[in-house]
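Using only what follows, build the 3D model:
(chains A and B)
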Number of protein chains: 2
Amino acid sequence: MVKKGAEDLRELLRLRPGERVDLSAYDTRATPAATGGKAAGLADTARIGERLAGLQERLWAAGTAGDRRRVLLVLQGMDTSGKGGTIKHVVGHLNPAGCRIHAFKAPTEEERRHDFLWRVRGVLPRPGEIGIFDRSHYEDVLIARVRQLAPPAEIESRYGLIDDFERSLAEDGVSVVKCFLHLSHEEQRTRLLRRLDRPDKRWKFSPGDIDERAVWPAYQEAYELALERCAAPYAPWYVVPADSRWYRNWAISRLLLEHLEELDPRYPASDFDVAECRERLLNEG
Amino acid sequence: MVKKGAEDLRELLRLRPGERVDLSAYDTRATPAATGGKAAGLADTARIGERLAGLQERLWAAGTAGDRRRVLLVLQGMDTSGKGGTIKHVVGHLNPAGCRIHAFKAPTEEERRHDFLWRVRGVLPRPGEIGIFDRSHYEDVLIARVRQLAPPAEIESRYGLIDDFERSLAEDGVSVVKCFLHLSHEEQRTRLLRRLDRPDKRWKFSPGDIDERAVWPAYQEAYELALERCAAPYAPWYVVPADSRWYRNWAISRLLLEHLEELDPRYPASDFDVAECRERLLNEG
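Here you go, the predicted structure:
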């Protein structure tokens, strides 16, 4: 897989701030930097998972001693692009006690009474945690744009609000890691058909999924705008080819690893007298 | 391990409603029903983990179709008894997206302004989820009793309030599974010393842990009362010997499995025309 000393995956998959985004130029079947293919990718994902769990423990430990840093993994992508699978197979390697996972659904009535970021603020990771968003505040410039759920001017204003919000998160110690799971229209069809054909997968299907496919180009355009306008140095967007499940899991594991290694969280120093505590425990009668 | 057709582990570890509880009569090193020893126990825990994950998916799927059932695993026990380890090694087998984990700390100022169950209501599992409490509302009759954090009459009233609360949960489809991780005073000393001696574990230690040991008998008595007064048929207490980590993980996995198998959640039937959806997908041009 990625060789030691090789450019990190973030550099390969990251969108540059200000860059025009044309999603059709990104191959959904590509496997950038995963030179060993599927078998090697699966094995490497498991190894990365162990390293992630170790780094997560350090991050958590540091958090107990006042370190405010944390990670927020944002997963966005069309239906069946693998947001749920990423949580199962990537986040599944972590200690669940340190993960704060939130799946965003259509906003409730209460949520609609507030600004669109209100519901996000309530589910952010706390210091030491790894937060995972299955969909996110980006829905408010994706489905909201495609389905005209708000006036155009309001939607236009949201890109800037999102950017401000993510900058404030970064300033508060949140490493925001945004992954767009880039799936092809054809692969989505295959996956929807499989959901229909397998009785144990059928519950995930809804006829509405087919209606959404009918406006696929509008969604791609909405994604291009969102990726373009909200690709900030402090909250990067990664375009993750998602037609291969193993690659998607490997790449997102790897991106998390690189972010966590850069944070380099440390076990906190103890603020008590270890020798004295030892004595007390040994001589307590 | 447990033989097919053998009495289930719940019967072995469950406290009977009305039973007087004397914790000193329960061996913390025992390994009831785990006839194969450690190696077999570890292997069986992994196998059970896979079955748990499958049942969890069915529970979740049923939840998407209106089934209100869910599970709440309550973990209680003295410091180092393995509440965190259980989450890592047992809950770690589940899909984290379907788990709602909450660790209870000393109540915040806001929480103290409400009744003691208020903060619990906000973190309950939703339909289809498996909730896990690392400590719980029982702290309000445990540390609260030992450290006299409330007037005695108020603490006395809480057992009944907890019982009412848990009955209402059960009536709303929550399978409440309460595990007391039963650790010996001596094993706790060993574990605390290890935390002191290992630089990567030291952050988990606090000198206050030694002060709590000084009132160990008062805690055991508080536990006996809590277990005795709140062992209800609809919210059973299990006494899980916890000196062996592998046994604790095996036993709690097994208890969860038995509860989930009894629930027997099913994938929901589809409420749409599968053949028609297939056609639409195949002929969409």
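
Could you pull up the mean pLDDT of stretch A:233-253?
Taken as a whole, stretch A:233-253 carries a mean pLDDT of 98.

And stretch A:69-81, by the same measure?
The model assigns stretch A:69-81 a mean pLDDT of 98.

same question, stretch A:137-151
Averaged across stretch A:137-151, the pLDDT comes to 97.

List the buried residues in that stretch.
A:137-146, A:150 (16 or more other CB atoms under 10 Å in any protein chain shown). C-beta: built from backbone N, CA, C; applies to glycine.

okay, how far is it across it, tip to tip?
Stretch A:137-151 has an end-to-end distance of 17 Å (criterion: CA to CA, to the nearest Å).

ok, the residue of the stretch 151-285 of chain A found nearest chain B - how many residues close by?
At 4.3 Å from chain B, A:Trp203 is the closest residue in the stretch 151-285 of chain A, using CB to the nearest CB. The burial count assigned to A:Trp203 is 21, neighbours taken as other CB atoms under 10 Å in any protein chain shown.

got it, and the one 3 residues further on?
When counting by other CB under 10 Å, one arrives at 17 neighbours for A:Ser206.

What residues does the residue of the stretch 151-285 of chain A closest to chain B make contact with?
The contact partners of A:Trp203, taken as CB atoms under 8 Å, 6 or more residues apart in numbering or on different chains, are B:61, B:64-65, B:267-268, B:270.

rerun that using 7 Å as the cut-off
Listed by CB atoms under 7 Å, 6 or more residues apart in numbering or on different chains, the contact set of A:Trp203 reads B:61, B:64-65, B:267-268.

so it sits in a strand?
No - assigned with DSSP: H, G, I helix; E, B strand; the rest coil, A:Trp203 falls outside any strand and is helix.

helix or strand for the closest residue to it other than its chain neighbours, which one?
Leaving aside its chain neighbours, A:Trp203 sits nearest to B:Ala61 (4.3 Å; criterion: CB to CB, 6 or more residues apart in numbering or on different chains). If you go by DSSP states H and E, B:Ala61 is part of helix B:37-64.

mind listing what's buried in that helix?
B:41, B:44-45, B:48-49, B:52, B:55-63.

of all the residues you listed, which comes closest to A:Leu227?
Nearest to A:Leu227 among the buried residues of helix B:37-64 is B:Trp60, at 30.5 Å by CB to CB.

Can you classify A:Ile132 by secondary structure?
strand.

so it makes contact with A:Phe104?
No - taking contacts as CB atoms under 7 Å, A:Ile132 lies outside contact range of A:Phe104: 11.2 Å.

Between the two, which is the more surrounded one?
Between A:Ile132 and A:Phe104, A:Ile132 has the larger neighbour count (other CB under 10 Å), namely 27 against 18.

rewinding a little: give me the subset of the buried residues of stretch A:137-151 that lies in helices.
A:143-146 (DSSP state H).

now the strands for chain A?
With DSSP state E, the ranges of strands along chain A come out as A:70-77, A:99-103, A:130-134, A:174-182, A:237-241.

same for the third one, what does it pack against?
This points to strand A:130-134. Using 3 or more CB pairs under 7 Å, 6 or more residues apart in numbering or on different chains; DSSP states H and E, the elements in contact with strand A:130-134 are strand A:70-77, helix A:83-89, strand A:99-103.

if we go to 6 Å?
strand A:70-77, strand A:99-103 (3 or more CB pairs under 6 Å, 6 or more residues apart in numbering or on different chains; DSSP states H and E).

Just name the most buried of the ones you listed.
Mean neighbour count, computed with mean count of other CB atoms under 10 Å in any protein chain shown, is highest for strand A:70-77 among the helices and strands packed on strand A:130-134, reaching a mean of 24.

pull the CA atoms of that one into CSV?
Presented in CSV, the C-alpha positions along strand A:70-77 are these (Å, rounded to 0.1, in the frame of the first residue of the first chain):
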residue,chain,number,x,y,z
ARG,A,70,-11.1,16.0,18.5
VAL,A,71,-11.9,14.8,15.1
LEU,A,72,-15.1,15.1,13.1
LEU,A,73,-15.5,12.8,10.1
VAL,A,74,-18.2,14.0,7.8
LEU,A,75,-19.5,11.4,5.4
GLN,A,76,-21.5,12.6,2.4
GLY,A,77,-22.5,10.8,-0.8
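
For it, which outside residues touch it?
Strand A:70-77 is contacted from outside by A:83, A:86, A:125, A:127, A:129-134, A:136, A:138, A:174-181, using CB atoms under 6 Å, 6 or more residues apart in numbering or on different chains.

got the residues of chain A near chain B?
A:61, A:87-88, A:91, A:95-97, A:99, A:101, A:189, A:192-193, A:196, A:200, A:202-203, A:207, A:210, A:267-268, A:270, A:272, A:274, A:277-278, A:280-281 (CB under 6 Å from any CB of the partner chain).

Count the residues that sit near the nearest residue to A:Pro32 once chain neighbours are set aside.
Distances taken as CB to CB, 6+ apart put A:Leu12 closest to A:Pro32, at 4.9 Å, once the chain neighbours are dropped. A:Leu12 has 17 neighbours, counted by other CB under 10 Å.

Against chain B, how distant is A:Leu12?
Distance of A:Leu12 to chain B, computed by CB to the nearest CB, to the nearest Å: 27 Å.

surely that residue meets A:Thr31?
No - A:Leu12 is beyond contact range of A:Thr31, at 10.9 Å (criterion: CB atoms under 6 Å).

picking that back up, identify the farthest-apart pair in the buried residues of stretch A:137-151.
Farthest-apart pair in the buried residues of stretch A:137-151 is A:His137 and A:Val146; separation 15.8 Å (CB to CB).
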